[in-house]
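*Asks:* need a structure here:
(chains A, B, C, D, E and F, ligands or ions: 6)
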Amino acid sequence: MDILGLIQANILTPVILFFILGIVAARIKSDLKMPDAISEFLPIYLLAAIGLHGGLEMRNTGFSDMLIPMLIAIGLSLVFTLNHYQILRRLGKFNIFDSYALASTYGAVGAVTFSVGLSFLKNQGVESEGYLAAILAVLEPVSFILAIFLTNMAVSKQIQSKKQSLPEGTLDNNEKEIVEQNKTNLSKVLHESITGKAIVILLGGIAIGYLIGDKGFDSISIVFDELFTGAIAIFLLEMGIIAGQRLDDIKKVGVFLVTFSILLPTFNGIIGVLVATALGLSLGGAVMFGLLMASASFIAAPAVLRHAIPQAKPSLYITSALGITFPYNIIILLPIMFTISSMLHNLETPINLFNYLEINLL
Amino acid sequence: MDILGLIQANILTPVILFFILGIVAARIKSDLKMPDAISEFLPIYLLAAIGLHGGLEMRNTGFSDMLIPMLIAIGLSLVFTLNHYQILRRLGKFNIFDSYALASTYGAVGAVTFSVGLSFLKNQGVESEGYLAAILAVLEPVSFILAIFLTNMAVSKQIQSKKQSLPEGTLDNNEKEIVEQNKTNLSKVLHESITGKAIVILLGGIAIGYLIGDKGFDSISIVFDELFTGAIAIFLLEMGIIAGQRLDDIKKVGVFLVTFSILLPTFNGIIGVLVATALGLSLGGAVMFGLLMASASFIAAPAVLRHAIPQAKPSLYITSALGITFPYNIIILLPIMFTISSMLHNLETPINLFNYLEINLL
Amino acid sequence: MDILGLIQANILTPVILFFILGIVAARIKSDLKMPDAISEFLPIYLLAAIGLHGGLEMRNTGFSDMLIPMLIAIGLSLVFTLNHYQILRRLGKFNIFDSYALASTYGAVGAVTFSVGLSFLKNQGVESEGYLAAILAVLEPVSFILAIFLTNMAVSKQIQSKKQSLPEGTLDNNEKEIVEQNKTNLSKVLHESITGKAIVILLGGIAIGYLIGDKGFDSISIVFDELFTGAIAIFLLEMGIIAGQRLDDIKKVGVFLVTFSILLPTFNGIIGVLVATALGLSLGGAVMFGLLMASASFIAAPAVLRHAIPQAKPSLYITSALGITFPYNIIILLPIMFTISSMLHNLETPINLFNYLEINLL
Amino acid sequence: MKLFDVKLLTVTCEILAQKNILEILNKHGITGYTLYEVDGNGSKGVRGQGFKNEKNVKIEIISTEARLKDIVEEITRSLFSNFAIIVYLSDVQVLRSEKFI
Amino acid sequence: MKLFDVKLLTVTCEILAQKNILEILNKHGITGYTLYEVDGNGSKGVRGQGFKNEKNVKIEIISTEARLKDIVEEITRSLFSNFAIIVYLSDVQVLRSEKFI
Amino acid sequence: MKLFDVKLLTVTCEILAQKNILEILNKHGITGYTLYEVDGNGSKGVRGQGFKNEKNVKIEIISTEARLKDIVEEITRSLFSNFAIIVYLSDVQVLRSEKFI
Ligand SMILES: Nc1ncnc2c1ncn2[C@@H]1O[C@H](COP(=O)(O)O)[C@@H](O)[C@H]1O
Ligand SMILES: Nc1ncnc2c1ncn2[C@@H]1O[C@H](COP(=O)(O)O)[C@@H](O)[C@H]1O
Ligand SMILES: Nc1ncnc2c1ncn2[C@@H]1O[C@H](COP(=O)(O)O)[C@@H](O)[C@H]1O
Ligand code: NA
Ligand code: NA
Ligand code: NA
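*Replies:* Ligands and ions are numbered 1, 2, ... in the order given. This is a model prediction of the structure:
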C-alpha cells in the first residue's frame, strides 16, 4: 500500500475519526466535553495497559536485548533536545526559557501518542517489542532534566557575570535567592519527574505484567487489553476537543514554530526508524521507536516545566505539541514511518524474501 | 405473548429493575447516587454507541429510504407540538410560556428512552432500521425551534397590541429590549441546539460508523456494543434515583398534567407505530419510530428552554417528562407498541404467515 | 500447596500487586491518584456485581439453607463485638468511645475485602454459596447498632449517676440535651444504616439477580461479571494509595492496636471457617464466611460512627482497619483460611477421598 | 440602587458534619444556603485526600447578624469539640433584604 | 505594601444562567472573574442534586464599586424574575488596583 | 459571644502554582488553609477548560494582618511575574482568635 493510501486508511479508523470529531465539536463551539474525572482516569488506564502489555512481553522475551536500544534512545533524546535548542534560539530567536522549554517538550515523549501508535500497529496486525514501554518510561524525564539543568546553568552564568562587573558583596538577596532556588528546583524536579504519576503507573504496570505472566493476566485481560482501543477512541475525542480549542492559538505561535512542529518530529521520527532498524528491532518496533523520538509531551510537560522553567510561556509549548505535532504524528507521520520501516525490513531481511519465494513455489 | 405478559417480562429485565431500584433508593432517602462524572459520561457514551450502530447499519443498507420517514417524522413532531399546545393552553389553562415549553418537551425526543428501546428490542431479538438514529438527531431541535419561534411571535404580538393602544413613542426601553432579545434568542437557540453535545456526538457517531464499517468497528465493538446494555442498566439506576426524588413534585404538577403525560405519549406513540408500518418500516423499526414520537425530552429540554423560554417553570416540564412519561414509556408503552407492531406486521406480511404454516406443516 | 506457597501465589495476582503498587506510589509521594468520581463509582459497581452474583446463585439453590448461617453470623458478629470491647477497654485502656467504635469496626464487615475474597476464590477455581452476599448485607449494620446502643447506655448511666449525687432539678439543659440526642441518634443511625448506599445497592443487586436469572443476566454479564476482576484491580490501586498515605499514622495508633488489628481478625476468621464448615458450607463458602468475620469496615464505618459516636477518634479506627487489617486479610489471612478450609473439607468429606482413590485406581 | 448590610456566615467543616449543620440551620428557620466541597488543613490535619468522607465542605449562609450569632453559638456548643470545623462572619451588602432574614 | 479598596461581587445562580451572567460581564467590559459549581438551597428549592443542569454556579468579580453596581442593576432587571439567583457585594483589598477596573 | 477581627487572604492562581503557595505558607508557619478548584478568566486568558493542569485553584487563609501581609509580599515577589494569579484581603470575624495566628 502506498503512503497516501495508508494515510487515508489510517484516517478512517475509529481512533482518528473520534479525534477529528473532537476537533470539529470544538470548532463549532459545541458544549461537548468529557467529564474531568474521565479525562483524568483514561491516561492512568492507558499507561497501566501499556505497562502491563510491555511487562508480559518482557517476561516472554527477556530484557537482555533492551539495554542497547534504551541507551541509544536516551542518547538520541538528549542530542535532539540540544539540537532543538540551537534551532529555536538561533533561527527562531526565542528567549532562553522558551527555547529550553520547547526543546525539552520535543525531546520528551508523549504517552498518548504511544497508545495511538500501539493501536495503529494492532490495526496493521503488526507486533512491537514489549520493552519499548520501558523505554517510554525512561525517556519521560530525561529531556526535561537536561533542559532544566542547562537553563539553571545559563541563569547562574548570567548572574555570575553581572556579579563580576560589580563591586563585591553587591549581589543582592534577590539574586542569591534565584541561584538557591534553581538548585533546589533541579532536585525537586528530579524527584517530581521520577515520582510523577505517568512513570509510576507505567513502571508499576510493567512490573506487574512481568510478575503475573499471561496466566495471571487472563483475569484482567478484558479490562486492560480488550477495552484498550475503545478507551483510546474515547480519550481521543477529548484530546480532539482540547486541540480544537487551541487551534486559534496557532496563529499566535508563529510560522516558525508551526514549521518546527512538523519538520522536527518528521526528522526525529525517521532517524528513529532508521536507527531502530539498524539495531535489529522489528518492523513494528522500529515504528514505535521512531514515534518515541517524534512525539512531543503535552500532558507531562506543563506539570514539569511550570515549576522548573516558569518563565517560559506554556501557550507556546502546549499549543505546538498538542495542536500541531500530535495530530500530525498520529495522522500522517505514523503511516510514513510505517512505510519506511516496511521498506527497510523488506530490504534487510532476505529470510522474508526467502519465505515469500518458498510459499509461492509450493 | 399477551400485552400483560410482555409488560411483566419487560419489568423483569435488568434495565427496568435497576431503574426501579433507583426509585426505591430515592424514596427511602438512601444516599445512593452516581458520581456526577459518571452520569455526565454515560449519556455521551450511549449516544456515541447509538450513532455508531446507526451508521454501521446505514452503510450496509444505504440511506436512500431514509428521506421519507425522516420528513414524516419531522412533520408529525411539528403537528404534535401544535396539538400539545392547544390542549395545554385551552384545556389545561397553562400560561403561554408553560404551554409552549411543555408542548415542545413532548414534541421533542428522549435519547435515553431511545437507548432503552434499543435494549428492549435486543432482548426481543428484533432489529430496527439504522437510520432511526439519524431521525433521532434531526428531531432533537425541531420541536424546540417551533415552540421558541411561536413564543417569540406571541410575545411580540402582545407588545405590539399594547403599543398600538398607547400614544406613539411610549414603547419603553424595556419592551424594546424584550423584542430584541427574542430575536437574538431564536438565532442563539438555533445555534445551541445544533451544536448541542447530544446532536454532535450522535451525528458524529453516525458518520464514524458509516465511515469505518463493520471491519473498522471490530476493534471498538466490545466498548460500544457489548457493554451497551450494562451501561444502560447503570445509567437507569441514576435516572431512577433522580425520578424518585421528583415523585413528590408530581402532586404539584396537577392531575391534568399527569393525565396528559400518559395519554399524549400513548396517542403519539401508537400513531407513530401505525405511520411507520404504513411506510414499510420493520416490526422493530415501527416500535422505535413510535417511541420517538412518544418520548419526551428531559436532558436536552431544560438546557434549551431555560434560555429560550426562561419564564416557563422547569419543575413542570422536567417532572412530567422524567417522573411520569419516562417510566410509563419504558415500562408499559414499549410493550404495548411492540404488541401493536407485531400484530400489524403479521397482518401485513403474508410471507410471515406462510412461513408459519410451512413450518407447522413440515 | 503449603501456606507460604499459597501466600506467595496470592501476592503475585494482579489484584494484590495493584494494591502494593498503590502503597509504593503513596510512600514515594507520587501524585498518582484515582479521580474521586472513579473511587466513588467503583464500590457501587462492586457491590452491585456481588449482589447480582449472589442473587443469581440464590435463584438456583433457593435460600432455605441461608437462615441458619445468617443467624449464626449475626450472633458471632455480636459476640465478637462485645469481646473486642472488653479487650480494648480493659487491656488496651482505650476510653469508652474509642473502644466501642473500634469494637464495632471490627465486628462489622468490609465489602471491599469481600470482593477481593471472591476474586481470590475465582483464581483458585472454587465456588462459594451465593447467599453469603445476603449475609454481607445483613451484617453491615448489626455491629454498629449494638455498639451505638451500648455507648448510649453507658453515657446515660454516667449522667444518671451524676444526677443522683446532686440535689434534684440540677440536671442542666446541656445534659438533658445529650440524653435526648443519644436517643434520636440511635433511631437516626438505624435509618441511615439500613438506607446506606452499600446496603441498598447490595440488597437491590441480590433482588435483581434473583428476579432476572441467568438468562436475563446474559445481556449485562460482560459488565457485571467479566469486568469484575479488572475493576477490583483498579480499585485496589486506589485503596493502596490511601492505605499508603496512612502508614505513618500506624505509629500513632500504638503497638497494642497494631497487634489487635492482626490477632483479632485471625482469631475471628478461623472461628468463622470452623463454624461455617460445621454448618456444612462448601470449601469456598467457609473461606468467605471466615472473611466476613475477619474483615473490618473502613468505608461504611466512618460514615456511621462520626454521627453515632463523634467522640471517637476516626484516625484510630480507619488507620487500623484500612492500614493494617485490610492488607493483612487479603494478603495473608485469606490463604491461611483457604488452607484451613481445604484441610477441613478433605477430612470431613469421605466422598472426596473416595473420588480420589477411584481416580487413582483407574 | 439601595443595598442592605447583612452578614455572611461561613462554616468550613468535615463533610460528615454537614448533616449536623444543615439540621441546625433548619432548626433556626434558615432555608437559604450555599455549599461546596473543599480541601483543607488545620489542627485536625490535612483533609481532602482519600475517601469522600474525609473531605471538607464549606457552607455559606447570608442572614441577619442576630440570627447568625444564634447559629454560631449552637454550632460552637454542639460541634466544636468533636469535629474539624471553623466558622467566621463577614459583612456583605444585598439588594433584597427580605430574602435574607 | 499599599493596598487598594475595591469591591467583590458574588453571584450565586442556577448553572443555566451562567451564560447570561458572562454575557452581561462581557457587555460591561469585564474580563476578570472566577467561577465554580456549588449546591444550594433557597426560595427556588434545593439545587445540586440530579442533573448537571440543576446545579448552581458561583461567579465572583472584583472591580470598582461603580462598575459592579451597573452590573448588579442589569442582572436584577434581566434575571431576577426567572432564575434562581442571589447577588451580594463585599469589600476587599487588592495590590494592583489597575488590574481590577 | 465575643468575636475577634482577623483577616482572610484569598489567592486565586493556576493550579500548578498551588505547590509554591503552600510552600510559602509553610515557610511562614501557617498550617490552616482551605482550598478548592475553580475556573476563571483574567489577563492570562480563560482557565479551566481542557487539562487538569489548566485549572485554577483558590486558597483561603485566615490569620492576622501582619502575617498575611508578609505572605502577600513573598507571593508578589516570587510568583506575580510568571503565573496567572490574583490575591486579595478581606475582613472576617472569628470566635477562637488563638486558632488563627
Ligand atoms: N487558618 C485557616 N484558614 C482557612 N481555613 C482554615 C484555617 N484553619 C482551618 N481551616 C479549615 O477548616 C478545616 C477544619 O479545621 P481544623 O478543625 O483546624 O482542622 C480545615 O480542614 C480547613 O479547611
Ligand atoms: N440566604 C442565603 N445564603 C446563602 N446562599 C443563598 C441564600 N439564599 C439563596 N442562596 C443561594 O442562591 C441560590 C438561589 O437562591 P433562590 O433564588 O432563593 O433559590 C440558592 O440555590 C443558594 O445557592
Ligand atoms: N477581576 C477579577 N475578579 C475575580 N477573579 C479574577 C479577576 N481577575 C482574575 N481573576 C482570577 O484570577 C485568575 C488569574 O488571573 P490573571 O493572572 O489575570 O489571568 C483568573 O483565571 C481568575 O480566576
Ligand atoms: Na520526542
Ligand atoms: Na416526542
Ligand atoms: Na468482622
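
*Asks:* residues touching D:Phe10, list them.
*Replies:* Residue D:10: Thr, not Phe. D:Thr10 is in contact with D:Lys58, D:Ile59, D:Glu60, D:Val87, D:Tyr88, D:Leu89, D:Ser90, F:Val92, counting by C-beta atoms under 8 Å, 6 or more residues apart in numbering or on different chains. Every residue, glycine included, has its C-beta placed from N, CA and C.

*Asks:* go ahead and confirm A:Ser104 touches A:Leu305.
*Replies:* Yes. Assessed by C-beta atoms under 8 Å, A:Ser104 is found in contact with A:Leu305 at 7.3 Å.

*Asks:* who has more neighbours out of those two?
*Replies:* A:Ser104 (33 against 29; other C-beta atoms under 10 Å in any protein chain shown).

*Asks:* before we move on, which element is the nearest residue to the more buried one once chain neighbours are set aside in?
*Replies:* Leaving aside its chain neighbours, A:Ser104 sits nearest to A:Ala147 (3.4 Å; criterion: C-beta to C-beta, 6 or more residues apart in numbering or on different chains). According to DSSP states H and E, A:Ala147 maps onto helix A:132-164.

*Asks:* off-centre distance for that helix?
*Replies:* Distance of helix A:132-164 from the chain centroid (C-alpha atoms, centre = their mean, to the nearest Å) equals 18 Å.

*Asks:* helices and strands around it, which ones?
*Replies:* Packing partners of helix A:132-164 (3 or more C-beta pairs under 8 Å, 6 or more residues apart in numbering or on different chains; DSSP states H and E): helix A:36-61, helix A:67-86, helix A:96-107, helix A:111-124, helix A:173-195, helix A:197-217, helix A:283-294, helix A:300-308.

*Asks:* ok, now with 6 Å
*Replies:* Contact here means 3 or more C-beta pairs under 6 Å, 6 or more residues apart in numbering or on different chains; DSSP states H and E; on that basis helix A:132-164 packs against helix A:36-61, helix A:67-86, helix A:96-107, helix A:173-195, helix A:197-217.

*Asks:* pull out the buried residues from the second one.
*Replies:* When you say that, I think you mean helix A:67-86. Within helix A:67-86, the residues that count as buried by 16 or more other C-beta atoms under 10 Å in any protein chain shown are A:Pro69, A:Met70, A:Ile72, A:Ala73, A:Leu76, A:Ser77, A:Leu78, A:Phe80, A:Thr81, A:Asn83, A:His84, A:Tyr85.

*Asks:* help me confirm that D:Tyr88 comes into contact with F:Ser90.
*Replies:* No. At 10.5 Å, D:Tyr88 does not count as touching F:Ser90 under the criterion of C-beta atoms under 6 Å.

*Asks:* the two: who's more crowded?
*Replies:* D:Tyr88 (21 against 16).

*Asks:* that one in helix, strand or coil?
*Replies:* Of the three states, D:Tyr88 takes strand according to DSSP: H, G, I helix; E, B strand; the rest coil.

*Asks:* next, the contact list for it, please.
*Replies:* D:Thr10, F:Val92, F:Val94 (C-beta atoms under 6 Å, 6 or more residues apart in numbering or on different chains).

*Asks:* gap between the first one and D:Tyr36?
*Replies:* Plainly put, D:Thr10 is 11 Å away from D:Tyr36 if you go by C-beta to C-beta, to the nearest Å.

*Asks:* skipping adjacent residues, who's closest to the residue in the stretch 1-150 of chain A that chain F sits nearest to in space?
*Replies:* Nearest residue of the stretch 1-150 of chain A to chain F, counting by C-beta to the nearest C-beta: A:Glu40, 5.8 Å away. Distances taken as C-beta to C-beta, 6+ apart put C:Pro35 closest to A:Glu40, at 4.5 Å, once the chain neighbours are dropped.

*Asks:* surely that neighbour and A:Leu42 touch.
*Replies:* No. Under the criterion of C-beta under 6 Å, C:Pro35 lies out of contact with A:Leu42, with a separation of 9.9 Å.

*Asks:* how long is stretch D:40-49 from one end to the other?
*Replies:* 9 Å (C-alpha to C-alpha, to the nearest Å).

*Asks:* how far is that stretch from where the chain is centred?
*Replies:* Counting by C-alpha atoms, centre = their mean, stretch D:40-49 comes out at 17 Å from the chain centroid.

*Asks:* for it, buried residues please.
*Replies:* By 16+ other C-beta under 10 Å, the buried positions in stretch D:40-49 come out as D:Gly40, D:Asn41, D:Gly42, D:Lys44, D:Arg47, D:Gly48.

*Asks:* what does the average pLDDT come to for it?
*Replies:* Mean pLDDT, stretch D:40-49: 93.

*Asks:* hmm, that stretch in reach of chain F?
*Replies:* Yes. Using C-beta under 6 Å from any C-beta of the partner chain, stretch D:40-49 reaches chain F at D:Gly40, D:Asn41, D:Gly42.

*Asks:* and those as CSV, adding distance to C:Ile242?
*Replies:* Formatted as CSV, the residues of stretch D:40-49 next to chain F follow (distance: C-beta to C-beta, whole Å):
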residue, distance to C:Ile242
D:Gly40, 18
D:Asn41, 18
D:Gly42, 20
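
*Asks:* from the residues you listed, which land in helices?
*Replies:* When the residues of stretch D:40-49 next to chain F are checked against helices (DSSP state H), there are no matches.

*Asks:* quick check, nearest of those to F:Val72?
*Replies:* D:Asn41 (19.1 Å; C-beta to C-beta).

*Asks:* who does that closest one bridge with?
*Replies:* F:Tyr33 (DSSP bridges).
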